[in-house]
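**Student:** how does the following fold in three dimensions:
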Amino acid sequence: MIKRTFLTLFIFLIILGCTDKKSAFVCVPCDLSCDLKIFSSGGSCAACGMKLAEKGTYNKELTTSQISEDFDILLTTLKSNHPGLYDYQNQSDFERKTKLLRTEIESAKNVLDEYRILSKLIAMVGDAHTYVMNPYYQNILQEELLFPIVPRIDNNQIRINGQNLRSINGYSSKELLTRLQSFSNSDGNTIPYKNAFIEMEFPLKYFTFVDTASTFDVTFENGKSKTVRGKSYFNKGLRPKIQSESLIINENTAIIKIPSWEDESASSFNSDLQEMIEKSKLAKFLSNSMEKIINAEVDKLTIDLRGNKGGKSGPAAVLLSYLIDKRFKYYTEIRVASDSFPTKQYISNKELVQFYESNDAKKLINKINGNYYFIDDLLPSIQPSLKQYLGAIEILVDKYTLSVSTDVVAILKKNRKVKVTGNEIGGSLDHYCAGNYLNLQLPNSKIEVNIPLQRLSY
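**Tutor:** I've put the predicted structure just below:
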């Protein structure tokens, strides 16, 4: 009897322990400190507002019909709301590629399989601001041992510790880049920007798109080889920390380093610039720096935009106002695809959809020959600063230079003589898609897709 009572109690405790086990949740990557936190309950992250993902679900099984439904929802949204879907390919080519890609759904079995298919679809668009967000990014970082080295990728060549890579686990360097680039988005399908994000998140991308191994046989072009064990990146993450802006004045030269245009206190280019300087930390830094540069009467200004992937356009407008001595347009045209949203039930930022569908929005958008354009009042001319820098300008760029950084390069090239140094640049100097963004969450996989609504032209 005692034994039976003990056994009953033991079983009860096991059941209680199982039912009392708490799930853990992690945040979708957003470049904030919450990226590395573990939460005890679901919902939205208090720091960034993104929906939390439960651990252990990155390889959740899905049916063919579920993956097909998600695919169709994304495709419908792109065709209805992306303003530059056919910028880099005609519609018939896009339809042909989409039809071929759809055949991969038959062999897809889980969330990661769907993520791979959707990543290929987004890569076809040729837009750096349209991207797939894997909601289980942090799950993989926490639960898997990944390639233990973040390599450099220069001129389409993978390098580790200064040596050219020959292969990893039998995959040649060329094969790795070709495969990873097919899943990567960039403006106009430019290779430098694809390589920028492959480089930054190589361990995760290798696991997701190439090989799920946890040990790696690495060979180099010089004949050397080694075997390395995978490691966890969860405690420190993969994305490098953004450095601070800086100014150096040395005799007749000055260097402004702007690692990012991100500034929560800033707004867009069409705000009052003086108000921007008062409210925005970055705009104030740039204004003060230009005042110092002009007062120092330097002959040459270097603007270092290497590694700068973009952010808010307001501080960039402040900088440009000191460098262009006449009124100028930041953008000459902003086009949107449509004023209807057929998949709005799957869009999490519904207030944005409600605005675009409102009568107020319709007053701000003109329909011309079937296309939708923002009215000219939303594209104001920017007044030059009373003080002007008239000396030589050099801009340093690299494969990470994108978005607002390409704004600065393109607008300066259009309005005055500048020297651009760097054999690679990530973004387009003609137009790109950005502005307001739809956050589309697919119902079956919970994968999220960022889709810009505005096509911005210089």
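**Student:** lowest-confidence helix or strand of the chain?
**Tutor:** Across the helices and strands of the chain, the lowest-confidence element by mean pLDDT, DSSP states H and E is helix 2-20, at a mean of 37.
**Student:** mind listing what the next helix or strand after that one pairs with, with the direction of each?
**Tutor:** Next helix or strand after helix 2-20 toward the C-terminus (DSSP states H and E): strand 25-26. The strands beside strand 25-26 in its sheet (DSSP bridges) come out as strand 38-39 (antiparallel), strand 53-54 (antiparallel).
**Student:** outline the domain layout of this structure.
**Tutor:** Domains of the chain are assigned by automatic domain parsing as 145-229, 246-457.
**Student:** let's have these in CSV, adding distance to Phe71, mean neighbour count and mean pLDDT.
**Tutor:** Bear in mind the C-beta positions are built from the backbone N, C-alpha and C, glycine included. Conversion of these to CSV gives the following (distance: least, CB to CB, whole Å; neighbours: other CB atoms under 10 Å; pLDDT from 0 to 100):
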stretch, distance to Phe71, mean neighbour count, mean pLDDT
domain 145-229, 15, 18, 95
domain 246-457, 9, 18, 94
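**Student:** nearest to Phe25, of the ones you listed?
**Tutor:** domain 246-457 (12.4 Å; CB to CB).
**Student:** how far does the closest one sit from its chain's centre?
**Tutor:** 15 Å (CA atoms, centre = their mean, to the nearest Å).
**Student:** for stretch 195-212, same thing?
**Tutor:** Stretch 195-212 sits 15 Å away from the centroid of its parent chain (CA atoms, centre = their mean).
**Student:** end to end, how far does that stretch reach?
**Tutor:** 21 Å (CA to CA, to the nearest Å).
**Student:** cool, stretch 128-139 as well?
**Tutor:** Chord length of stretch 128-139, first to last residue, is 25 Å (CA to CA).
**Student:** strands paired with the host helix or strand of Val449, and their directions?
**Tutor:** Element membership for Val449 (DSSP H and E) is strand 448-457. When pairing is defined by DSSP bridges, strand 448-457 lines up against strand 131-133 (antiparallel), strand 333-336 (antiparallel), strand 431-441 (antiparallel).
**Student:** and these as TSV, adding distance to Ser68?
**Tutor:** Shown next, in TSV, are the strands paired with strand 448-457 (distance: least, CB to CB, whole Å):
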stretch	distance to Ser68
strand 131-133	17
strand 333-336	29
strand 431-441	16
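**Student:** Tyr389: which of these is closest?
**Tutor:** strand 431-441 (26.6 Å).
**Student:** hey, C-alpha coordinates of that closest one in CSV?
**Tutor:** Provided in CSV are the C-alpha atoms of strand 431-441 (Å, rounded to 0.1, in the frame of the first residue of the first chain):
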residue,chain,number,x,y,z
HIS,A,431,15.7,55.6,-57.0
TYR,A,432,14.7,53.1,-54.3
CYS,A,433,11.6,51.9,-52.4
ALA,A,434,11.2,52.9,-48.7
GLY,A,435,9.1,55.3,-46.8
ASN,A,436,6.2,53.8,-44.9
TYR,A,437,6.3,50.0,-44.5
LEU,A,438,3.7,47.2,-44.3
ASN,A,439,4.5,44.6,-41.7
LEU,A,440,2.9,41.5,-43.2
GLN,A,441,2.6,38.5,-40.9
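**Student:** list the contacts of it.
**Tutor:** Applying CB atoms under 8 Å, 6 or more residues apart in numbering, the contact partners of strand 431-441 are 51, 73-74, 77, 81-84, 87, 127-130, 187, 310, 334, 341, 343, 346-349, 352-353, 356, 403, 406, 447-458.
**Student:** look up how far Ser445 lies from the nearest residue to Gly230 once chain neighbours are set aside.
**Tutor:** Of all residues not flanking Gly230 in the chain, Leu145 sits nearest, at 3.1 Å (CB to CB, 6 or more residues apart in numbering). Going from Leu145 to Ser445 by CB to CB, to the nearest Å gives 24 Å.
**Student:** could you export the domains of the chain as CSV, including distance to Phe94?
**Tutor:** Below are the domains of the chain laid out as CSV (distance: least, CB to CB, whole Å):
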stretch, distance to Phe94
domain 145-229, 13
domain 246-457, 14
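**Student:** among those domains, which is nearest Lys60?
**Tutor:** With CB to CB as the criterion, Lys60 lies closest to domain 246-457 of those, at 7.7 Å.
**Student:** what about the closest one, start to end distance?
**Tutor:** With CA to CA applied, domain 246-457 spans 29 Å between its terminal residues.
**Student:** equivalent analysis for stretch 206-222, please.
**Tutor:** 23 Å.
**Student:** what does it rub up against?
**Tutor:** By CB under 8 Å, 6+ apart, stretch 206-222 touches 112, 115-116, 119, 134, 140, 144-148, 160, 163-171, 176, 179-180, 183, 225-230.
**Student:** any idea which of the strands paired with strand 25-26 scores lowest on pLDDT?
**Tutor:** Lowest mean pLDDT of the strands paired with strand 25-26: strand 53-54, a mean of 70.
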